[in-house]
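# Quick check, what structure comes out for this input:
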Amino acid sequence: MSTSIRVAVVDDHPLFREGVTRSLSEIEGFEIVAEGSSGEDAVRIAGTVRPDILLMDISMPAGGLDAIPSVLAVAPSQKIVMLTVSETSEDVITALDRGAMGYVLKGVGARTLADAIRTIAAGEGYVAPTLSARLFSARTQTAVESKPALVASLTPRERQVLELVAIGMSNKHVALKLDLQEKTVKHHMTQIFTKLRVTNRTEAAMALRDVQGS
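Okay, here's the model as predicted:
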């Protein structure tokens with residue numbers, strides 16, 4: 001039997017929070033391990049409970065967006081998913097830039113939310129489909145001027161991993177080359193995608209090549 005995905009839900013609306021926890025609890029493969037109502041609660045839960053997925057609203061005391069760096073400071077590998085009504089590209093980009101791995105709009109069905117959580121738990125990023133095109137447009141507008149700065153934001157290890165990926169190496173081969181665990185390479189790739197504002201390996205490699213060729 002597969003292990004359940006441990007989820008924490010942080011939202012300052014009790015009825016909504018209760019609805020989410022109940023819906024996920026009724027789906028096989030999910031376990032609600034904590035609830036909270038503020039950014040401070042999110043940080044506390046990440047540091048003590050260590051859920052697999054931290055679902056967090058943007059509009060709540062101490063602010064969900066502001067809480068992201070604090071959460072990652074106490075739990076660097078924490079997978080954060082914003083569950084919000086905000087559809088602004090600025091909020092989406094800010095959330096992803098600060099380290100969130102997913103952005104889901106309130107109002108989705110329980111099964112859609114569950115699928116998004118499974119995707120993120122597996123190490124992939126997720127943005128609500130209705131926002132993807134808008135997000136791509138927003139990123140494209142700033143891509144040319146921001147690429148060097150985005151690539152420069154990578155840590156030396158992330159840059160090393162990306163350079164190997166750019167020449168066609170798989171995560172497994174990168175791990176062997178750098179004497180790392182494959183899951184560590186996957187974590188680096190997630191951070192690289194977030195920092196470069198891309199969604200796949202090809203886009204990440206192209207961003208690096210564009211900077212190297214400039």
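
# Please make it C-alpha for all contacts and neighbour counts, starting now.
Will do.

# The spatially most central residue of the chain: what's it in contact with?
Nearest to the geometric centre of the chain sits M101, at 0.6 Å (C-alpha atoms, centre = their mean). Going by C-alpha atoms under 8 Å, 6 or more residues apart in numbering, M101 touches 79-81, 120, 124-126, 190, 194.

# go again using 6 Å as the cut-off
M101 sits next to 80-81, 125 when contact means C-alpha atoms under 6 Å, 6 or more residues apart in numbering.

# count of residues packed around P148?
P148 has 17 neighbours, counted by other C-alpha atoms under 10 Å.

# host element of it?
Element membership of P148, judged by DSSP states H and E, is helix 129-152.

# Keeping just the C-alphas, turn the helix or strand just after that helix into CSV.
Sequence order places helix 156-166 as the next helix or strand after helix 129-152, per DSSP H and E. Provided in CSV are the C-alpha atoms of helix 156-166 (Å, rounded to 0.1, in the frame of the first residue of the first chain):
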residue,chain,number,x,y,z
PRO,A,156,26.9,27.3,-7.9
ARG,A,157,25.4,23.8,-7.5
GLU,A,158,22.2,24.7,-9.4
ARG,A,159,24.3,26.2,-12.2
GLN,A,160,26.4,23.0,-12.3
VAL,A,161,23.3,20.8,-12.4
LEU,A,162,21.7,23.0,-15.2
GLU,A,163,24.9,22.9,-17.3
LEU,A,164,24.8,19.1,-17.3
VAL,A,165,21.1,19.0,-18.0
ALA,A,166,21.7,21.4,-20.9
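
# Wait, L150 touches L196, no?
Yes - using C-alpha atoms under 6 Å, L150 is in contact with L196, at 5.4 Å.

# and those two? which has more neighbours close in?
The residue with more neighbours, out of L150 and L196, is L196; 24 against 18, by other C-alpha under 10 Å.

# ok, now which ones touch that one?
L150.

# Could you rerun that using 8 Å?
L196 touches 147, 150-151, 204, 207, counting by C-alpha under 8 Å, 6+ apart.

# which among those gets closest to L131?
Taking C-alpha to C-alpha as the measure, L131 lies nearest A204 of the contacts of L196, at 20.3 Å.

# All the helices of this structure, residue numbers only.
14-25, 39-48, 64-74, 89-98, 110-121, 129-152, 156-166, 171-178, 182-196, 201-213 (DSSP state H).

# ok, of these, where does mean pLDDT dip lowest?
Sorting those by mean pLDDT places helix 129-152 lowest, at a mean of 67.

# any chance of the helices of the chain in JSON lines, plus distance to A8?
Below are the helices of the chain laid out as JSON lines (distance: least, C-alpha to C-alpha, whole Å):
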{"stretch": "helix 14-25", "distance to A8": "9"}
{"stretch": "helix 39-48", "distance to A8": "8"}
{"stretch": "helix 64-74", "distance to A8": "13"}
{"stretch": "helix 89-98", "distance to A8": "18"}
{"stretch": "helix 110-121", "distance to A8": "11"}
{"stretch": "helix 129-152", "distance to A8": "23"}
{"stretch": "helix 156-166", "distance to A8": "29"}
{"stretch": "helix 171-178", "distance to A8": "29"}
{"stretch": "helix 182-196", "distance to A8": "20"}
{"stretch": "helix 201-213", "distance to A8": "29"}
